[in-house]
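**Student:** Quick one, structure for this:
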Amino acid sequence: MTAHTLQPLLSVRNVTRTWDGTHGCRDVSFDLYPGEVLCVVGESGSGKSTLLSAVSHQTMPDAGSVWYDTRDQGFIDLAALQGARLRLLSRTDWGFVRQNARDGLRMQVSAGANIAERLMAVGERHYGDLRETAGNWLHKMEIDAGRLDDTPVSFSGGMQQRLQIARNLVTHPRLVFMDEPTASLDVSVQARLLDLLRQLVTDLGLAAIVVTHDLAVARLLAHRTLVMRGGRVVESGLTDQILDDPQHPYTQLLVSSILQS
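**Tutor:** Got it, this is the predicted structure:
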């Protein structure tokens, strides 16, 4: 993991995002460094997915700020970016992996077109190069490159999720947001996908924020972990320390429930 003497890639300060005045996240702060994976864990309703949405500015925070180290302008408050600039950032420098792959794919166009679409957003236009890169990424994600022209509706759930990951990573983003990326998959499929994710994160030097209710996902992928309850962070630190020696009673309960299951 990159030493923390470097400037953060992402800096989140006192972010609050609620609806109906009750549910959501409150006063959350953290830094994310280049090449680092941060897991946000907690039970359903803890605010972790709301936090992910606010940090990635898919929804605007009610309060607080999110700063990102852009390639061209340096460290900038995302609230200062125009909508078009933010959309470009989300198509190029960021990736979003949804829990349900159908929400992150265009289901009626080919697998190759799903991947090529991201490449075209960064200026690639040569048809042969687009097909070659898309095929290489299918192979990397353990999908037969011969299925390049098949639509995702004909793929299994695990293949759809791997295709969604390929679609997001093909532009070599520096930051990827993942919302329960393995939750909708069978256990055996989950295990292989997690192995692939861990390898890709290492090989590509990605920074990632991964929301999950599964502490095993945090153990396998994350350098650091935030534990959320009732919209607030109740414990944070190195993943191994949190899972091996939890300090907060809620974290202790989460860890013990995994051990007893």
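
**Student:** all contacts plus neighbour counts: C-alpha atoms, from now on.
**Tutor:** Noted.

**Student:** quick one, domains of the chain?
**Tutor:** For the chain, the domain assignment from automatic domain parsing gives the residue ranges 10-93+174-260, 106-172.

**Student:** can you redo these as TSV with mean neighbour count?
**Tutor:** As requested, the domains of the chain are exported to TSV (neighbours: other CA atoms under 10 Å):
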stretch	mean neighbour count
domain 10-93+174-260	18
domain 106-172	19
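
**Student:** Turn these into JSON lines, columns for mean pLDDT and distance to residue 100.
**Tutor:** Conversion of the domains of the chain to JSON lines gives the following (pLDDT from 0 to 100; distance: least, CA to CA, whole Å):
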{"stretch": "domain 10-93+174-260", "mean pLDDT": "92", "distance to residue 100": "7"}
{"stretch": "domain 106-172", "mean pLDDT": "94", "distance to residue 100": "8"}
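
**Student:** Export the ones you listed to TSV and append columns for distance to residue 99.
**Tutor:** Conversion of those to TSV gives the following (distance: least, CA to CA, whole Å):
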stretch	distance to residue 99
domain 10-93+174-260	5
domain 106-172	8
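
**Student:** my guess is residue 15 contacts residue 63, does it?
**Tutor:** Yes - under the criterion of CA atoms under 8 Å, residue 15 is in contact with residue 63, at a separation of 5.6 Å.

**Student:** wait, what's in contact with residue 180?
**Tutor:** 98-99, 210-213 (CA atoms under 8 Å, 6 or more residues apart in numbering).

**Student:** Let's see which of those residues end up in strands.
**Tutor:** Those of these mapping onto strands are 210-212, per DSSP state E.

**Student:** element containing residue 31, please.
**Tutor:** Secondary-structure element containing residue 31, defined by DSSP states H and E: strand 23-32.

**Student:** Ramachandran angles for the closest residue to residue 145 other than its chain neighbours?
**Tutor:** Among residues not flanking residue 145 along the chain, residue 135 sits closest, at 5.1 Å (CA to CA, 6 or more residues apart in numbering). The phi and psi torsions at residue 135 (degrees, to the nearest 10) take the values phi -60, psi -40.
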